[in-house]
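Visitor: Turn this into a structure:
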Amino acid sequence: MKCLPVFLLAASGLCAADLGGIWVGRIPGRNGAMPDVAFQFRQSGTVLSGKLYGDYQSTKITEGKISGDEVDFLVVTAEQAGNQINETRMRFTGKMVGAELELTRKREGSRNAGNGGGVQLKQDAGVTFRLKRLI
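Guide: Residues are numbered from 1 along each chain as shown. Just a heads-up that it's a prediction; the model follows:
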């Protein structure tokens, strides 16, 4: 019986954080802009899905996973670069910090949406921001 409390304490660390719901915040953007953003997360155990909502579009969340208080997911979004539209892969990683979700967004890659060719990206150090649960 002495082992049971220790086992329960250890097992509680294996549970995924509860991220289901709507989270809102602002992502630092170009020229000091701080556009509003919302994430609708659906969680099934350690699998995360949902949508990212920005000013002009909504984008599906894929490859989402939760491990303890850490989260990792991918968003593929359309971005305009001059006269061409690119599909850009953005990786979001983060963790719970108190009642907030701290995320870092990094561009993983981009391709021309018209012909599928690769697109050269500038070095991306990533952008870190925090979200608060709305619902």
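
Visitor: What's opposite the spatially most central residue of the chain in the beta bridge?
Guide: For the chain, residue 92 is the residue whose C-alpha lies nearest the centre (Cα atoms, centre = their mean; 3.7 Å). Note on residue 92: beta-bridge partners residue 73, residue 105, judged by DSSP bridges.

Visitor: where does this protein dip in pLDDT?
Guide: Within the chain, the set of residues satisfying pLDDT under 70 comprises 1-14, 121, 123.

Visitor: where do the helices sit along this structure?
Guide: Counting by DSSP state H, the chain has helices at residues 3-12.

Visitor: picking that back up, close enough to count as contact, the residue nearest to the centre of the chain and residue 70?
Guide: No: if you go by Cβ atoms under 8 Å, residue 92 and residue 70 don't touch, sitting 11.3 Å apart. Bear in mind the C-beta positions are built from the backbone N, C-alpha and C, glycine included.

Visitor: which outside residues touch stretch 38-56?
Guide: Stretch 38-56 is contacted from outside by 16, 18-24, 35-37, 58-62, 64-67, 71, 73, 75, 77, 131, 134, using Cβ atoms under 8 Å, 6 or more residues apart in numbering.

Visitor: Pull up the distance across it, start to finish.
Guide: End-to-end distance for stretch 38-56: 12 Å, by Cα to Cα, to the nearest Å.
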